[in-house]
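Asks: Here you go, sequence then predicted model.
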Amino acid sequence: MFNKARLVQALLILTIALAVLEFTAPSIAAIDTTYLADWEVRLVQIVQYFYNYIPTALLGGFAWSLFGYLRYKFGDESIAYDITKFETTLMWFVGIMTPVCSALPTELGLAVTGIIMAVKSILNQLKETQATTPPPTK
């Protein structure tokens, strides 16, 4: 029988993270920079940029993790959702997508991070295939 516990746990983590971001975003966006020094204004702008892209990165990371799980699940019924892979995927998405999207225009940033993640996925698949392929016999 399909065990939903890990998937539900991942959904709860995602929901709580998005709720916290949604709740705190207006306060971050409303920071008055009128009387701040130049470096402080830049710091506030960076935090605001991060707040703009972190929800997208969280949703992208969850979708990536879920589709990876489903890909294996349909081939092997014994596969269970691995929460540590979900956490790793979220960290990759947040760690790569947020700075790249903050530094580039939105559409270009999303395209660049999509390419980075696709290349990472292909390299991981090649590594996994090499690890499971038996050495040739002579």
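Replies: That came through fine.

Asks: Go through stretch 92-99 and flag the buried ones.
Replies: By neighbour count with 16 or more other CB atoms under 10 Å, stretch 92-99 contains the buried residues 92-94, 96-99. Glycine gets a C-beta too; all of them are placed from N, C-alpha and C.

Asks: Contacts made by that stretch with the rest, please.
Replies: Contacts with stretch 92-99, where a contact means CB atoms under 8 Å, 6 or more residues apart in numbering, come from 50, 53-54, 56-58, 60-61, 64, 109-110, 113, 116-117, 120.

Asks: and these, which are buried?
Replies: 50, 53-54, 56-58, 60-61, 64, 109-110, 113, 117.

Asks: okay if I get the residues you listed as JSON lines plus pLDDT and secondary structure?
Replies: Listed next are the buried ones among the contacts of stretch 92-99 as JSON lines, based on pLDDT from 0 to 100; DSSP: H, G, I helix; E, B strand; the rest coil:
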{"residue": "Phe50", "pLDDT": "76", "secondary structure": "helix"}
{"residue": "Tyr53", "pLDDT": "76", "secondary structure": "helix"}
{"residue": "Ile54", "pLDDT": "78", "secondary structure": "helix"}
{"residue": "Thr56", "pLDDT": "78", "secondary structure": "helix"}
{"residue": "Ala57", "pLDDT": "77", "secondary structure": "helix"}
{"residue": "Leu58", "pLDDT": "79", "secondary structure": "helix"}
{"residue": "Gly60", "pLDDT": "79", "secondary structure": "helix"}
{"residue": "Gly61", "pLDDT": "79", "secondary structure": "helix"}
{"residue": "Trp64", "pLDDT": "79", "secondary structure": "helix"}
{"residue": "Gly109", "pLDDT": "80", "secondary structure": "helix"}
{"residue": "Leu110", "pLDDT": "77", "secondary structure": "helix"}
{"residue": "Thr113", "pLDDT": "79", "secondary structure": "helix"}
{"residue": "Met117", "pLDDT": "79", "secondary structure": "helix"}
